[in-house]
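1. When you get a sec, could you give me coordinates for this:
(one chain, ligands or ions: 1)
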Amino acid sequence: MCGIVGYIGKAEAATVLINGLRRLEYRGYDSAGIAILDDDRLVVAKAPGKVARLSDKAHADWAPELLQRACTGIAHTRWATHGPPTEVNAHPHLDKSGNIALVHNGIIENYRSIRSRLEGRGHFFYSETDTEVLAHLIGECDKGDLFQAVCDALHQVVGTFGIAVLSSHEPDRIITARRGSPIAIGIGDGETIIASDVSAILAHTQRVIYLNDDDIAIVTADSVDVRDLHNVPVTREIAELGIDPAAAEKGGFEHYMLKEIHEQPDALGNAIRGRLDFNLGTSMLAGMGTSPRELAEIGRVVLLGCGTSLHAGLVGEYAFEDLADIHSEVQQAAEFRYRNPILGSRDLVVAISQSGETADTLAAVREANQKGAFVMSLCNVVGSTIARETGRGVYLHAGPEISVASTKAFTCQVVVLLMMALKLGRGRRFSREDGIKFAREIESLPALVGRVILQNERIAQIAAEYTNNEHAFFIGRGPMYPVALEGALKLKEISYIHAEGYHAAELKHGPIALLQAGTPVIAIACDVPGKDKILGNIEECCARGARILGLVTEGDYATAERMHDAIFIPRCHPLVATIPATVALQLFAYHVARLRGCEIDQPRNLAKSVTVE
Ligand code: G6P
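-> Numbering: from 1, shown residues only. A predicted model of the protein is given here:
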């Protein structure tokens, strides 16, 4: 989704800003723009398409001396909502005078009424965006104090925003504010960097202040003054990121996605490290902040998420019921608050979100808090809004995930859910021996995943047989059903093949009508309960000419022979096997997309972090 970078300091602002935008490219966008201050004059460049195009334009339009002089600016990548991704709709937008520039993430919901009011007062708008209306409103409120003008304007808007504002009349500062859309401020040495995502800050500093909703900050090269929208100072602590900037590089891989798939043994190792207790046969998840007694009182687990995180929740649902004997259900976060959920203090609500910024999941967290449930989160991005608002939960420690298609975050989400289920299970029917046995299975996961990754070349060869189809079906049963959903999602996201995941038994209730000679059916036929049934379902597909790619347990050659192609999954507990099985499907999707020449890390129309509802 949209990205913001702001810079004030001693370096060439345009270079810092464009490099920052490149760091945000992974979030998904379709146009970009930049405004820098040349003495007391704002200069703006915008372009549809990629940041590289914006960079070419800025370097063509602006003289080298200008670029060297300008040490302050703001920049943006736009994911179109109001109006198509054209140059005129790209941010920054200017106020009526042309002296104030604004970049904005989020949506100003009442922009139409403000716009017609302003038009009545002689304002003319060039773009179709809600953002341009806010720029004009700030301009109209500006009586010589930009900070106050932004406050006054923000009091009039309804909706969400993360903004950075620059005025040629106050060149020593950038004003930034947030409501529902993240803003982090990196504190460097004589320079300050504002960004909607710390990826754009990492190259400069590890010291960051996160704004809370309705915070507004006056940012200079060597100070950050945070207040609320009523101009009352607030204290926000400086957090140390502790992220190695190299972790956000491709490290020799052709794509971030491939790198992140290969990182999974390490990522899982990090998610597991220090969290298993082989003496008591349980897990230690301090962030949950619960005593065994509190855990024993939990009557239901409600898992919330969107996209891939929702699929992780679906695996978790099986785990909580199977291991912990506790009623568990998954709800799509976007639907949650609109259905007026029935929740109480004995319900544990777990919000699952890689980014910790997904607007629907955040709204669901707030609803669950209102209803008095016991709310915690499972996030990857440290310090993200959902992690901070829930106050308790478990971080994934998967490291930065740059590819839009989520891979290592999913497998780490599942492993953390398995550990949570083990912890709850030990307070219920799970014996110490059972607990130790399951903890050992979890411990072996990095090695199990490594065995799947070793098949990378073979999977690439298999993928070559599946590149020309426009439809594919993924089928599974039990905990492998969500794996089928996730496998289908991966394939469609990055290869643009229409792929659907179904419970294997459901295929014959409709989708089987679409099978033709050669239609790919990817069947998860590992040694898990219900395997015999899925073999029957595979026969039904074969009888209609489908081409079957099976995920088969290592050593089960009899099953492998019944498939056209097979990928082998190490033998392990069925819940644990969901992780290596998913990794196999990630590699399959990756190679199909690569062979089809797709833009894997930034698929069309998709965004990494969806901050609008
Ligand atoms: C977007 C991403 C998905 C992700 C989903 C939820 O759609 O493209 O990969 O699964 O958002 O994101 P979250 O950060 O909440 O896990």
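2. Can you get me a residue count around the residue of the stretch 501-613 of the chain found nearest the ligand?
-> In the stretch 501-613 of the chain, the residue that lies nearest the ligand is V610 (4.7 Å; CB to the nearest ligand atom). Every C-beta, even on glycine, is put in place using the N, C-alpha and C of the backbone. Using other CB atoms under 10 Å, V610 has 20 neighbouring residues.
3. Check the one 3 residues further on too.
-> In terms of burial, E613 registers 14 neighbours under the definition other CB under 10 Å.
4. who's in contact with the nearest residue to it once chain neighbours are set aside?
-> Using CB to CB, 6 or more residues apart in numbering and skipping the chain neighbours, the partner closest in space to E613 is A359 (4.8 Å). A359 sits next to T160, G180, V610, T611, V612, E613 when contact means CB atoms under 8 Å, 6 or more residues apart in numbering.
5. run the last query once more with 7 Å
-> G180, V610, T611, V612, E613 (CB atoms under 7 Å, 6 or more residues apart in numbering).
6. I figured the residue of the stretch 501-613 of the chain closest to the ligand was touching M1, is that so?
-> Yes: V610 is in contact with M1 according to CB atoms under 7 Å; the separation is 6.0 Å.
7. residues in contact with the nearest residue to R78 once chain neighbours are set aside?
-> Once flanking residues are discounted, R78 sits nearest to S31: 4.8 Å by CB to CB, 6+ apart. Neighbouring residues of S31 by CB under 7 Å, 6+ apart: K46, A47, P48, G49, R78, P85, N89, A90.
8. Go again with 10 Å.
-> 2, 46-51, 53-54, 76-80, 84-91 (CB atoms under 10 Å, 6 or more residues apart in numbering).
9. Any quick ChimeraX command for the buried ones out of these?
-> A single ChimeraX command suffices to select whichever of the contacts of S31 are buried according to 16 or more other CB atoms under 10 Å:
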select :2,46,47,48,50,51,54,76,77,78,79,80,85,86,87,89,90,91
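10. Can you pick out the ones from the contacts of S31 that are in helices?
-> V51, R53, L54 (DSSP state H).
11. dump the residue contacts of the first one.
-> By CB under 10 Å, 6+ apart, the contact list for V51 reads 3, 17-25, 29, 31-34, 75, 77.
12. Need the per-residue pLDDT for it.
-> Confidence at V51, expressed as pLDDT, is 95.
13. quick one: strands adjacent to the helix or strand harbouring G550?
-> G550 belongs to strand 547-553 when assigned by DSSP states H and E. Sheet neighbours of strand 547-553, with direction, are listed as strand 520-524 (parallel), strand 565-569 (parallel) (DSSP bridges).
14. most neighbours per residue, which of these?
-> Among these, strand 520-524 has the highest mean neighbour count (mean count of other CB atoms under 10 Å), at a mean of 29.
15. Within range of the ligand, give me the residues from the stretch 351-500 of the chain.
-> Within the stretch 351-500 of the chain, the positions lying close to the ligand (CB under 6 Å from any ligand atom) are S353, Q354, S355, T358, T361, V404, S406.
16. my guess is the second one contacts A405, does it?
-> No: the pair formed by Q354 and A405 falls short of the contact definition of CB atoms under 10 Å, at 11.1 Å.
17. shared neighbours, the two?
-> Common neighbours of Q354 and A405, using CB under 10 Å, 6+ apart, are G307, T308, K608.
18. Report the spatially closest residue to the last one, excluding sequence-adjacent ones.
-> Taking CB to CB, 6+ apart as the measure, K608 lies nearest to R27, with 4.3 Å between them; neighbours along the chain are not counted.
19. so what pLDDT did that neighbour get?
-> R27 carries a pLDDT value of 79.
20. Run through the residues that contact it.
-> 1-3, 77, 79, 105, 196-197, 199, 355, 357, 402, 404, 602, 606-611.
21. what's the closest of the strands paired with strand 547-553 to V382?
-> Among these, the nearest to V382 by CB to CB is strand 565-569 (31.6 Å).
22. mind saving the C-alpha coords of that closest one as CSV?
-> C-alpha atoms of strand 565-569 as CSV (Å, rounded to 0.1, in the frame of the first residue of the first chain):
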residue,chain,number,x,y,z
ASP,A,565,4.2,-35.9,-10.0
ALA,A,566,5.1,-36.0,-6.4
ILE,A,567,6.9,-33.9,-3.8
PHE,A,568,8.0,-35.6,-0.7
ILE,A,569,7.2,-34.3,2.8
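23. Distance from the chain centre to it, please.
-> 29 Å (CA atoms, centre = their mean, to the nearest Å).
24. quick check: angle from the helix of greatest length in the chain to strand 520-524?
-> Longest helix in the chain, counting residues (DSSP H): helix 574-595. Interaxial angle, helix 574-595 versus strand 520-524 (axes from the mean of the first three to the mean of the last three CA atoms, to 10 degrees): 150 degrees.
25. what is the mean pLDDT for helix 574-595?
-> On average, the pLDDT along helix 574-595 is 98.
26. Likewise for stretch 102-115?
-> Averaged across stretch 102-115, pLDDT comes to 95.
27. what about it, start to end distance?
-> Counting by CA to CA, to the nearest Å, you get 16 Å between the two ends of stretch 102-115.
28. Pull out the buried positions in that stretch.
-> Per 16+ other CB under 10 Å, stretch 102-115 contains these buried residues: L102, V103, H104, N105, G106, I107, I108, Y111, I114, R115.
29. residue contacts, the closest residue to P85 other than its chain neighbours?
-> Leaving aside its chain neighbours, P85 sits nearest to D30 (3.6 Å; criterion: CB to CB, 6+ apart). Applying CB under 10 Å, 6+ apart, we find D30 in contact with 2, 48-50, 77-80, 84-86, 89-90, 604-605, 607.
30. ok, back up a step: now for V610 and M1: what residues contact both?
-> In contact with both V610 and M1: R27, G28, W79, S355, E357, T358, A359, using CB under 10 Å, 6+ apart.
31. in the stretch 1-150 of the chain, what residue is nearest the ligand?
-> Scanning the stretch 1-150 of the chain for the residue nearest the ligand gives G28, at 7.2 Å (criterion: CB to the nearest ligand atom).
32. got the contact list for the residue nearest to that residue when sequence neighbours are not counted?
-> Using CB to CB, 6+ apart and skipping the chain neighbours, the partner closest in space to G28 is A607 (3.5 Å). Residues in contact with A607 (CB under 10 Å, 6+ apart) are M1, C2, G3, Y26, R27, G28, Y29, D30, W79, S355, V404.
33. What is the burial count for the last one?
-> It refers to V404. By the other CB under 10 Å criterion, the neighbourhood of V404 contains 22 residues.
34. still on that earlier bit, quick check: buried residues in the strand holding G550?
-> R547, I548, L549, G550, L551, V552, T553.
35. what does stretch 214-223 give?
-> So stretch 214-223, judged by 16+ other CB under 10 Å, has buried residues D215, I216, A217, I218, V219, A221.
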